[in-house]
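S.K.: from the sequence below, what's the structure:
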Amino acid sequence: MIALNDWNDSAQYHIKIKGLLDKRWCHWFDGMTIKSEKGETNISGLVTDQSALHGLLVRIRDLGLTLISVSRIESRKNNKV
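M.R.: Residues are numbered from 1 along each chain as shown. This next block holds a predicted model:
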């Protein structure tokens, strides 16, 4: 279980959008990894905090892209029972 204050820490995120973006867009998305295939683009990497995550989502909106999903990738330390 994740403590409420852990959501403000940096974490790995995986964002999936409809459409294809090439790797040249990685600077627009703060150096995150961009991989496109089968009509979708996956943007993944470290996001410093919730404010930065919302900033990335605003960029996706401003480009007129369709957001499919946003997933926070849990670190092993957060998966302790």
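S.K.: all strands of the chain, in order?
M.R.: With DSSP state E as the criterion, the chain has strands at 11-18, 33-37, 40-47, 66-73.
S.K.: the closest residue to residue 53 other than its chain neighbours pairs with what?
M.R.: In space, and not counting its chain neighbours, residue 53 is closest to residue 47: 4.8 Å by Cβ to Cβ, 6 or more residues apart in numbering. For glycine as for every other residue, the C-beta is placed from the backbone atoms N, C-alpha and C. Beta-bridge pairing of residue 47, defined through DSSP bridges, involves residue 11.
S.K.: just the endpoints, please. Distance across stretch 31-43?
M.R.: In stretch 31-43, first residue to last residue: 10 Å (Cα to Cα, to the nearest Å).
S.K.: buried sites along that stretch?
M.R.: Neighbour counts over stretch 31-43 (16 or more other Cβ atoms under 10 Å) mark 32, 34, 36, 40-43 as buried.
S.K.: sorry, back to before: okay, the strands of the chain in JSON lines with mean pLDDT next?
M.R.: Formatted as JSON lines, these follow (pLDDT from 0 to 100):
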{"stretch": "strand 11-18", "mean pLDDT": "96"}
{"stretch": "strand 33-37", "mean pLDDT": "92"}
{"stretch": "strand 40-47", "mean pLDDT": "95"}
{"stretch": "strand 66-73", "mean pLDDT": "96"}
